[in-house]
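Enquirer: Mind looking at a prediction? Sequence and model below.
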Amino acid sequence: MKAFLSQEQSMNTYHFLFCDTQCAALPSGALYLPDHAVLCVSDLHLGKSDRIARRNGVMLPPYEVQATLQKLEADIDITSPEQIICLGDSFDDLDAANSLNEEMRIWLARLQAGKTWIWVEGNHDPGPINMGGTHKAEVEIGTLTFRHIAAADTAEVSGHYHPKHRVTGRSRPAFLCDGKRLIMPAYGAYTGGLASHANDLRKLFGSPLFAIMTGTKAIAAPVA
Amino acid sequence: MTTLPPKFETWFASRGWAIHPHQQQMLDQSGTPALMLIAPTGGGKTLAGFLPSLIELADGQHEGLHTLYVSPLKALAADIKRNLRTPVEEMDLPIRIEDRTGDTSYTQKRRQRADPPHILLTTPESLALLTSYEDAPRIFKGLQRIIVDEIHALAESKRGDQLMLALSRIQSLAPNLRRVGLSATVEDPDAIAAQLARHPDPCTIINADPGPDPDISMLITQEKPPWSGGGAKYAIPAVLEEVKKHKTTLIFHNTRAQAEIFFHNLWLANTDDLPIGIHHGSLAREQREKVEAAMVAGDLRAIVCTGSLDLGIDWGDVDLVIQVGAPKNVKRLVQRIGRANHHYNAPSKALLVPANRFEVVECVAALEAVKDHDLDGDPKGDGPRDVLCQHILITACAGPFDATVLYHEIKSVGAYSRLSRAAFDDCLDFCATGGYALRAYDKWKRLLQAADGMWQLRDPRAAQRIRMNIGTIQDTDTLKVRLKGNFKPLGEVEEAFAATLTPGDTFLIGGQVVRYENLKEMTVQVSRRADKTPKIATFMGTKFANSTQLSQRILRMFHEPDWPELPSHTAEWLELQRKFSKLPEADRILVESFPHAGRHHICLYGFAGRNAMQTLGMLLTQRMEDLNLHPMGFVATDYATLVWGLDPVTDPAPLLRPDNIRADFETWLSGNAVMKKTFRGAATIAGLIERNLPQARKSGRQATFSSDILYDTLAKYDPDHLMMRITREEAMRGLVDFGRIEEMLGRTAGQIDHIRLDRVTPLSLPMFLEQGRIAVAGAGQDRMLEEEAARLMQAAGVTTL
């Protein structure tokens, strides 16, 4: 079988060609497009602890914003992108976005400085956010379309489902790609996941389907 | 001496009974604020507890709740209700008795709050829930007595701490409350009595005649026990013979999994179609009730069961108890034996069935301990603070409270009598604000302090969620199992077990082999299979740790030149070990290394108990990771730790250097699975993680995330947070048991016997079938994952993606 993608592995990043666009899956769960200097992350769910406290009275460690921004800052340092796409559900809800504290706002502003920053809208954060950057329903980069929830037949990058994949008993957040569609893992610190074989997820893809697992190193594996 | 009222005198006489001396003593002392009775099962313990209540209530003058009865099991409450009905009906006493457990209907519970019965039978969790209602003061106002049954079992766990905290609350609402504890034989009655009484009040202890020594022996079979494994399948014919010879037999197992396998095999061999049932905690309630009813009706000849039948339920004419597998703990064994023969002066009859050769040794050691009346047990530490946090939240549900009043109330609980104000305030702060060091919830606190200084819930609607999560029972997340297209559940399996299933796998539940079909809305869907053998052994279930006393007895046995008390097969096995390797000694550490199944193994015999041996496994693999030996995983039992990896260990000495093991321990402690498991338990009890949510969980799991993430976040940003401190302390005492490792390393002082062999040794054999293998998340695993992924890619016909 001829691979639909070509690959070159360097360090812990997994490089592959997706619909004629060079892609690099970072072990953190971010996607980098070297030809366009675009860094894409999905489902940050910033402010999740705030939303849970407000709604349920349970006060989780309120550190997911700094944990997530710290991770994002490290990826920005490695890749030096010109443009950053946050692929929806960047905030756990709009109230959580608006009540982000000053320190975190400044941190975010520092990350945004000198870069094109796009907030793609998600089901958790459907409206505009007063947080710098541009708010969009979807965005096109080269041959690819970026939107939060998978909709198109081909050349689409989306998030929303928080895919995970399991090999040798270990389940890790993973990119899923069948050559037509790419679904990104959740990047936020407080996110769970959906198994790659779950029906809601599997039905979106044709065969063969591949997972690129995150962790200390991005590792590709076929999905049955 | 208090004489029985004429009505009671007549009733006793009509049954041909004389009041037992301890029942009389309980009656004489019925005015005592705290009273504990120690009596063997079948000693009329329950009646001794209830007699004063029945007499006090006989005149029909008391309004509302008079006596609360708390037992660790729902089934026990139902059983007592049945048993109390006889005297109440026969003496025509104007007493209303009801039970209230997790199984009681919503309408029934509502009615009970509005119009409480005279005697309410309940569990610690249901009682804690009852104290969380705004109308608690009205419910408990006239309460006179509380009877805590099987207090020895409750006192060992956090359930007991929760119960005593609830008692302190109730005592404030009903100042005349008298406390009564009913206990089986225990090694330290004073310690339990101190937990029961209001601190610092004394507690009177009444000892009943312990009765004759049990008739207990090891089952001799034609067949030799296998080298390893836990099924005791070899003993099935002999067990069936015993069942035939007796009226009713209880067959105890240490785990649900073993009970399932044994029951399955018993059925296959049961050519006479003897009526035999199975009873364990993961079966659906309907199924358990069916078995309980059949048992009471005398329709069953045997029941295969686990700890769910451990406690004093009266199952009628049980005349034989069989314990399959080593009992692990002498105290539990004695209590299980007590399940047979409810005639006070006849000895209970019991048989031990070791599942493998090592268990033969353990069983012989346990038999000797029973003969010597040498019960085991570890002293209990101060009251756990996660339970305290939950108690504060429960208190807040009932209405505004004053912190200082609550603090003093809590200090009246024996286990919390040494609680400092600072430690209490810490817990209160955690409940109110989350207690985080770096960032505070300003707007969304859980508890607020009103202008008058009283604490209350910010959002009263939160009470519902808190109530739904009351309890301290540490069950792993379980999923219901049901037949496809059928609504009625068969039982439950652990979520972790369900995650390992792929469609087509077969496993045992409720004695039948089923085929895994799929997971639908958090329910495991299965279909029936006629297969004789399930493909996958079965799910996990709880494991007991061998007590220190038993381990020491075993080491002393190893030291003997020969073993006339052991069956020849087991003595030969130990001789083989002595010949090919060496038997472990108390003041030395034996390390064996050998290759097996493509991995290098080391087996280390430390006899420090399962928890400590598990921690040692963690530490060993950590050091092996540092030395680039690619450890892959380990498994621990009470006596040894088996580690496997990709590279051989040529010298175990550096792995066991005691000098910096403490430092290694600190590093290791922050990121290991046992800590995460302990954290999960503590955080769930303390109300940081909700086990139950108002709506049933949805099938999409994106919204929920693992508690491990919370642990990692706290370890990184707030390592001194209350939950982290509780986790550390608990793990040190319980699952980690680091003290016993230091003790072991100190005691053996570097005296290591390293024996290198070319294959598995006789003594290490049972280790290979142990469940609970722990994978090491390190370079070895990354290497494996990468290799496996590459292999799968190749198999899929692609080398590049």
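Expert: That came through, no problem.

Enquirer: So in the chain, where's the weakest helix or strand by average pLDDT?
Expert: All of this is about chain A. Sorting the helices and strands of chain A by mean pLDDT, DSSP states H and E puts strand A:7-10 at the bottom, at a mean of 44.

Enquirer: try chain B instead
Expert: Lowest by mean pLDDT, DSSP H and E among the helices and strands of chain B is helix B:495-499, with a mean of 64.

Enquirer: I'd like the next helix or strand past it.
Expert: Downstream of helix B:495-499, the first helix or strand assigned by DSSP states H and E is strand B:506-509.

Enquirer: Can I get the following helix or strand past that following strand in PDB, CA atoms only?
Expert: With elements assigned by DSSP H and E, the helix or strand that comes after strand B:506-509 is strand B:512-520. Provided in PDB are the C-alpha atoms of strand B:512-520 (Å, rounded to 0.1, in the frame of the first residue of the first chain):
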ATOM      1  CA  GLN B 512     -21.900 -17.200  33.700                       C
ATOM      2  CA  VAL B 513     -19.600 -16.700  30.800                       C
ATOM      3  CA  VAL B 514     -20.500 -13.600  28.800                       C
ATOM      4  CA  ARG B 515     -19.100 -12.100  25.600                       C
ATOM      5  CA  TYR B 516     -18.200  -8.400  25.500                       C
ATOM      6  CA  GLU B 517     -20.100  -6.700  22.700                       C
ATOM      7  CA  ASN B 518     -19.600  -2.900  23.300                       C
ATOM      8  CA  LEU B 519     -19.800  -0.100  25.700                       C
ATOM      9  CA  LYS B 520     -23.000   1.900  25.400                       C
END
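
Enquirer: check whether strand B:512-520 contacts chain A.
Expert: No - counting by CB under 8 Å from any CB of the partner chain, chain A has no neighbours in strand B:512-520; the shortest distance is 8.5 Å. Just so you know, the C-beta spots here come from the backbone N, C-alpha and C atoms, and that holds for glycine as well.

Enquirer: Contact partners for B:Ser217?
Expert: With contact set as CB atoms under 8 Å, 6 or more residues apart in numbering or on different chains, B:Ser217 has these partners: B:Ala350, B:Leu351, B:Leu352, B:Leu367.

Enquirer: hmm, 6 Å instead?
Expert: Contact criterion CB atoms under 6 Å, 6 or more residues apart in numbering or on different chains gives no residues in contact with B:Ser217.

Enquirer: and the helix or strand it falls within, how far out from the chain's middle?
Expert: Counting by DSSP H and E, the element that carries B:Ser217 is strand B:215-218. Averaging C-alpha positions (CA atoms, centre = their mean, to the nearest Å) puts strand B:215-218 25 Å from its chain's average.

Enquirer: which residue packs closest to the residue in the stretch 451-600 of chain B that chain A sits nearest to, ignoring adjacent ones?
Expert: In the stretch 451-600 of chain B, no residue comes nearer to chain A than B:Ala462, which is 3.7 Å away by CB to the nearest CB. Of all residues not flanking B:Ala462 in the chain, A:Gly57 sits nearest, at 3.7 Å (CB to CB, 6 or more residues apart in numbering or on different chains).

Enquirer: ok, that neighbour - contacts?
Expert: Taking CB under 6 Å, 6+ apart as the criterion, A:Gly57 is in contact with B:Arg446, B:Asp459, B:Ala462.

Enquirer: same deal with A:Tyr187?
Expert: With contact taken as CB under 6 Å, 6+ apart, A:Tyr187 is in contact with A:Gly29, A:Val41, A:Ser42, A:Leu44.

Enquirer: Which of the residues you listed fall within strands?
Expert: A:Val41 (DSSP state E).

Enquirer: Contact residues of chain A facing chain B?
Expert: Within chain A, the positions adjacent to chain B are A:1, A:3, A:5, A:7, A:16, A:53-54, A:57, A:59, A:61-63, A:67, A:162, A:167-168, A:170, A:190-192, A:194, A:210, A:219-222 by CB under 6 Å from any CB of the partner chain.

Enquirer: Any of the residues you listed buried? List them.
Expert: Neighbour-count burial (16 or more other CB atoms under 10 Å in any protein chain shown) is assigned, among the residues of chain A next to chain B, to A:3, A:5, A:16, A:53-54, A:57, A:59, A:61-63, A:67, A:162, A:167, A:170, A:190-192, A:194, A:210, A:219-222.

Enquirer: any idea which residue sits dead centre in chain A?
Expert: Compute the mean C-alpha point of chain A, and by CA atoms, centre = their mean the closest residue is A:Ser42, 2.4 Å away.

Enquirer: Spatially nearest residue to that one (excluding sequence neighbours)?
Expert: Excluding its sequence neighbours, the residue lying closest to A:Ser42 (CB to CB, 6+ apart) is A:Gly159, at 3.0 Å.

Enquirer: Also B:Ser547?
Expert: Per CB to CB, 6+ apart, closest to B:Ser547 is B:Asp376, 3.8 Å.

Enquirer: Measure how buried that neighbour is and give me the count.
Expert: 21 (other CB atoms under 10 Å in any protein chain shown).
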